[in-house]
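Q: Quick one, what's the 3D model for this:
(one chain, ligands or ions: 1)
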Amino acid sequence: MLSYRHAFHAGNHADVLKHSIIVHILRHLAQKDKALWYLDTHAGAGVYELFSAYATKNAEYETGIARLWTQRDLPPLLAEYVAQIRALNPAGDLRFYPGSPWLAWQLTRSQDRLRLFELHPTEIKVLRDNFSQLETDQKPRALLSAGDGFTGLKTLLPPPPRRALVLLDPSYEDKQDYQRVLDTLQQSLRRFATGTYAIWYPQVQRLESQRFAEQLKKISEKSWLHASLQTCQPSLDGYGLYGSGMFILNPPYALAENLKVALPYLVRILGQDATATFKLEQHTI
Ligand code: SAM
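A: Numbers count the residues shown, from 1 in each chain. Next comes the predicted model:
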């Protein structure tokens with residue numbers, strides 16, 4: 001299903017949760033000199049203009065990044081994330097919002113590599129255009145593939161440096177995505193058990209979404225962390241995103257402690273009604 005365009009949703013509460021966690025993980029991994037790979041199975045367009053016709057349609061960023069933009073008391077995990085958005089908006093006004101590929105590009109070094117998959121013909125074209133402006137060195141750091149990220153990922157594991165963050169971030173408009181994520185994760189762990197895997201999922205009124213976190217927890221005996229952020233009550237008509245979750249396998253040690261502070265803060269700033277809440281669960285070995 002290729003009707004989904006992430007530009008409609010760029011910078012919304014789900015992007016805030018996902019991208020603040022990605023920033024934390026990449027900053028942690030980049031503390032060691034040893035090379036790392038960033039693998040993104042569903043990359044999107046890379047950068048979004050918030051005043052484009054797409055982004056202003058529902059103005060989802062107004063109840064996401066825009067609410068954090070003016071805060072002066074951000075907890076460390078969110079301050080690190082907002083600093084990245086500021087780097088993309090040096091003039092000071094919030095105009096551009098980065099997707100996961102741009103964040104990964106910013107937070108990785110010359111020894112690191114990015115492997116990005118995007119199936120939508122328009123999105124991959126925009127992603128390529130964005131990266132052609134970033135890649136000024138003779139030796140490109142990012143390889144962009146127009147194709148299915150689920151199958152593409154398997155061909156890259158294990159990554160040569162044996163250190164990587166894998167982001168699985170489909171839109172789930174096709175309900176098969178839930179099972180495909182579970183299968184891909186299971187197969188990927190057989191090839192590369194020590195990688196850090198981050199899986200985003202939507203909180204929507206669909207059975208597949210509601211049982212997904214429990215299914216993810218059963219995939220492996222490894223350490224995991226599960227964070228979810230609900231910003232409003234599920235709608236009466238049964239449609240719409242009322243929150244989202246991130247499931248991280250082999251998470252960095254400081255992520256849970258940071259989220260303990262960041263998640264209640266996000267409930268306070270991004271919550272749209274009294275049902276706004278968060279969940280933070282972890283399993284450590
Ligand atoms: N990861 C991006 C970010 O955080 O900025 C957002 C990705 S968006 C939620 C999902 C993207 O996956 C869309 O751009 C869609 O076109 C793309 N897509 C859908 N099915 C795909 C597939 N099987 N393989 C690769 N990309 C796919």
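Q: For the ligand, give me its nearest residue in the stretch 151-285 of the chain.
A: At 3.8 Å from the ligand, Asp169 is the closest residue in the stretch 151-285 of the chain, using CB to the nearest ligand atom. All C-beta atoms are positioned from the backbone trio N, CA, C, and that covers glycine.
Q: what about stretch 249-261, distance to the chain center?
A: Going by CA atoms, centre = their mean, to the nearest Å, the spacing between the C-alpha centre of stretch 249-261 and its chain's C-alpha centre is 15 Å.
Q: what mean pLDDT would you report for it?
A: Stretch 249-261 comes out with an average pLDDT of 98.
Q: Who are the contact partners of the residue of the chain found nearest the ligand?
A: Ranked by CB to the nearest ligand atom, the top residue of the chain for proximity to the ligand is Gly99, at 2.7 Å. With contacts defined as CB atoms under 8 Å, 6 or more residues apart in numbering, Gly99 is in contact with His6, Ala10, Ala43, Gly44, Ala45, Gly46, Val47, Tyr48.
Q: Just to be sure, which of the residues you listed are found in strands?
A: Val47, Tyr48 (DSSP state E).
Q: filter the contacts of Gly99 down to the ones close to the ligand.
A: By CB under 6 Å from any ligand atom, the members of the contacts of Gly99 lying near the ligand are His6, Ala43, Gly44.
Q: Tell me which of these has the lowest pLDDT.
A: His6 (76).
Q: That one against Ser52, yeah?
A: No - if you go by CB atoms under 8 Å, His6 and Ser52 don't touch, sitting 11.7 Å apart.
Q: out of the two, which sits in the busier spot?
A: His6 (24 against 13; other CB atoms under 10 Å).
Q: Up against the ligand, what does the stretch 101-250 of the chain have?
A: Within the stretch 101-250 of the chain, the positions adjacent to the ligand are Phe117, Glu118, Leu119, His120, Glu123, Asp148, Gly149, Phe150, Asp169, Pro170, Ser171 by CB under 6 Å from any ligand atom.
Q: farthest-separated two in those residues?
A: Farthest-apart pair in these is Glu123 and Phe150; separation 16.2 Å (CB to CB).
Q: which residues in the protein form helices?
A: Assigned by DSSP state H, the chain shows helices spanning 13-29, 53-58, 65-69, 76-88, 100-107, 121-134, 149-154, 176-191, 207-210, 212-217, 255-270.
Q: Least confident of these, on average?
A: Among the helices of the chain, helix 53-58 scores lowest, at a mean of 76.
Q: right, is it up against the ligand?
A: No - using CB under 6 Å from any ligand atom, helix 53-58 never reaches the ligand; the gap is at least 11.9 Å.
Q: Contacts made by that helix with the rest, please.
A: Arg5, Ala7, Phe8, Ala10, Gly11, Tyr48, Glu49, Leu50, Tyr61, Tyr97.
Q: residues of it that come out buried?
A: Residues of helix 53-58 classed as buried by neighbour count (16 or more other CB atoms under 10 Å): Tyr54, Ala55.
Q: for that helix, the distance to its chain's centre please.
A: 20 Å.
Q: Could you pull up phi and psi at Gly64?
A: Main-chain torsions, Gly64, degrees, to the nearest 10: phi -130, psi -110.
Q: neighbours around Thr155, how many?
A: Neighbourhood size, Thr155 [other CB under 10 Å]: 9.
Q: for Ala59, same thing?
A: As a burial measure, Ala59 scores 15 neighbours (other CB under 10 Å).
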